[in-house]
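A.B. asks: need coordinates for the following:
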Amino acid sequence: MRKGTALIVGVTGISGHNLANTLVARGWSVYGLARNPVPQEGVIPVKADLLDSQSTGQALAGLPITHVFFCTWTRRDSEAENVKANGAMMENLCQGLAQAPLQHMALVTGTKHYLGSFEEYGTGRAETPFRESEPRLPAANFYYTLEDILFAAAEKHGFGWSVHRSHSMIGQAKGTNAMNMGLTLAVYASLCKATGAPFIFPGSRTQWDGLTDVTDAGLLAEQMEWAALAPSARNQAFNTVNGDVFRWRWLWGEIAAFFELEAAPYPEQPMPLEPRLKTQAPAQWKALAEQHGLVQPDVDKLASWWHSDADLSREIECLNDMTKSRDLGFMGYRDTRASFLDLFTSLRAQRVIP
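C.D. replies: Below is the predicted model of the structure:
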C-alpha cells in the first residue's frame with residue numbers, strides 16, 4: 001500500500017536525493033522538483049524555478065501531493081538577500097500547493113539555527129549540546145524566515161509540519177551541491193594523493209581537538225519519513241545527527257588511511273581549503289579526471305571549499321542533542337566513520353573520484 005504522495009523540493013541535492021531513494025524503496029509515490037531535474041529511478045520529475053511564482057504554480061497545478069519535503073535553499077551575497085530569496089521560494093511553493101490535499105510539510109534547515117547566519121556565524125553561544133528548545137538568535141536568519149512561512153501556511157491550511165536541523169551532511173547528491181563536506185574531503189584527499197601534497201586538516205584547533213558530530217543523509221531521510229507519519233512528531237522541530245561523537249584528530253587519520261595517505265600533524269594554525277585550492281585545483285582535477293576517466297572534470301561542480309572551511313574553522317564546540325527524537329520514538333543511528341568510508345567507496349565505484 002502506498003504511504004502517501006510525496007513532493008521532494010530540491011530532489012537533486014544531498015538531502016533530497018537520499019530522501020527520494022528512501023521513500024521510493026518504502027512504497028511512496030514520489031515527485032521530485034528541481035530547476036533542472038535529472039533521471040532518478042521511481043521519481044516523477046517536476047521542473048520549476050521556485051523563485052518564479054507563475055512557473056511554480058503551473059508545475060504544481062493538480063498534483064495530488066499529500067506530503068512535502070523542502071530540501072533546498074539558494075545562496076545570496078548577504079543574509080538580507082538570503083531571507084528575501086529563500087522566503088520567496090517557500091511562499092511560492094505554499095501558494096502553488098494551496099489546493100493540494102496536504103497532510104504534512106517537512107523543512108530541512110541546520111545548526112546555523114543555533115550558530116547564526118553566514119554573516120553572524122559562530123556568534124551564537126547556545127549551550128552544547130544544542131537542544132531544540134533554545135531560543136532564536138536576535139539577528140536575521142533565513143532559517144527562521146522559512147520556519148515562519150511554514151508555520152503560517154500549516155495553520156491556514158490545516159496540515160502538520162516538522163523541522164529537521166541537520167549538522168554537516170554526509171552523502172551523495174545527483175546535482176551540484178553547495179554543502180557537501182564528504183565529497184569535498186574526498187576530492188581534497190584525491191588531489192593530495194595525486195600531487196604528493198600533505199593531507200593537512202584545514203580547520204581550527206578547536207575543531208581538531210574538540211568533540212563534534214555530523215549527519216548522514218540517509219539518517220535524515222529516515223527521520224523525515226518518521227516525522228511525516230508519526231502522530232507524536234506532528235508540529236515539532238528536531239535535531240538530526242548520527243548519534244555518535246568524534247574528534248577530527250581521530251577521524252582525519254581514518255580518512256587518510258582510506259586514501260592510502262599519511263595524516264599530516266596539525267599545522268598549528270588553520271589552513272583553509274579555498275585559498276589553497278581555488279586557483280590550482282581546477283587544472284589538477286581536470287588532468288586527474290582525464291587520467292582516470294572520471295565522470296566530472298569540473299572540480300567546482302564537486303567540491304564546496306568555502307562551506308567545508310566554514311564548518312571546520314569554527315572556534316566553538318558543536319554538538320547536537322537527540323533526546324527529543326528518542327523520546328518521541330525515532331531511534332535511527334549511524335556510525336560516522338562508516339558514513340564517510342561508505343560514501344568514498346560509492347564515489348569510487350561511480351568514478352566520481354579515482
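A.B. asks: from here on, contacts and neighbour counts on C-alpha atoms
C.D. replies: Will do.
A.B. asks: the strands in the stretch 151-300 of the chain, which residues?
C.D. replies: Secondary structure of the stretch 151-300 of the chain (DSSP state E, counting those that start in this stretch): strands at 160-166, 169-170, 211-212, 215-216, 236-240, 246-247.
A.B. asks: check contacts around the closest residue to Glu315 other than its chain neighbours.
C.D. replies: Among residues not flanking Glu315 along the chain, Thr206 sits closest, at 5.5 Å (Cα to Cα, 6 or more residues apart in numbering). With contact set as Cα atoms under 8 Å, 6 or more residues apart in numbering, Thr206 has these partners: Arg314, Glu315, Ile316, Glu317.
A.B. asks: again, 10 Å this time
C.D. replies: The contact partners of Thr206, by Cα atoms under 10 Å, 6 or more residues apart in numbering, come to Arg247, Trp248, Leu312, Ser313, Arg314, Glu315, Ile316, Glu317.
A.B. asks: just Gly42 next, same as before
C.D. replies: So Gly42 contacts Ala20, Asn21, Leu23, Val24, Ala25, Trp28, Ser29, Val30, Tyr31, Gly32 (Cα under 10 Å, 6+ apart).
A.B. asks: how close does the fifth one sit to Gly4?
C.D. replies: When you say that, I think you mean Ala25. Ala25 is 13 Å from Gly4, where distance means Cα to Cα, to the nearest Å.
A.B. asks: repeat that for the fourth one.
C.D. replies: For Val24, the distance to Gly4 equals 11 Å [Cα to Cα].
A.B. asks: cool, and the first one?
C.D. replies: With distances defined as Cα to Cα, the gap from Ala20 to Gly4 amounts to 13 Å.
A.B. asks: between these two, which contacts overlap?
C.D. replies: Here Ala20 and Gly4 have Trp28, Ser29, Val30 as joint contacts, going by Cα under 10 Å, 6+ apart.
A.B. asks: contacts only, for the first one.
C.D. replies: Right, Trp28. Met1, Arg2, Lys3, Gly4, Thr5, Ala6, Ala20, Thr22, Gly42, Val43.
A.B. asks: any idea which of those has the most stuff around it?
C.D. replies: Most neighbours among the contacts of Trp28, by other Cα atoms under 10 Å: Ala20, with 27 neighbours.
A.B. asks: residues in contact with that one?
C.D. replies: Each residue near Ala20 by Cα under 10 Å, 6+ apart is listed here: 6-8, 11-12, 26, 28-32, 40-43, 69, 221.
A.B. asks: rerun at 8 Å
C.D. replies: Contacts here follow Cα under 8 Å, 6+ apart; on that basis Ala20 touches Ile8, Val11, Val30, Gly32, Val43.
A.B. asks: doesn't Val30 make contact with the second one?
C.D. replies: No. With contact taken as Cα atoms under 8 Å, Val11 and Val30 are classed as non-touching, separated by 10.0 Å.
A.B. asks: those two: which has the busier surroundings?
C.D. replies: Per other Cα under 10 Å, whichever of Val11 and Val30 has more neighbours is Val11, with 33 against 23.
A.B. asks: center of this structure, which residue is that?
C.D. replies: Per Cα atoms, centre = their mean, the C-alpha nearest to the average position across the chain is that of Met169, at 4.7 Å.
A.B. asks: and the pLDDT at the closest residue to that one other than its chain neighbours?
C.D. replies: Spatial nearest neighbour of Met169, excluding adjacent residues (Cα to Cα, 6+ apart): Thr215 at 4.7 Å. Note on Thr215: pLDDT of 98.
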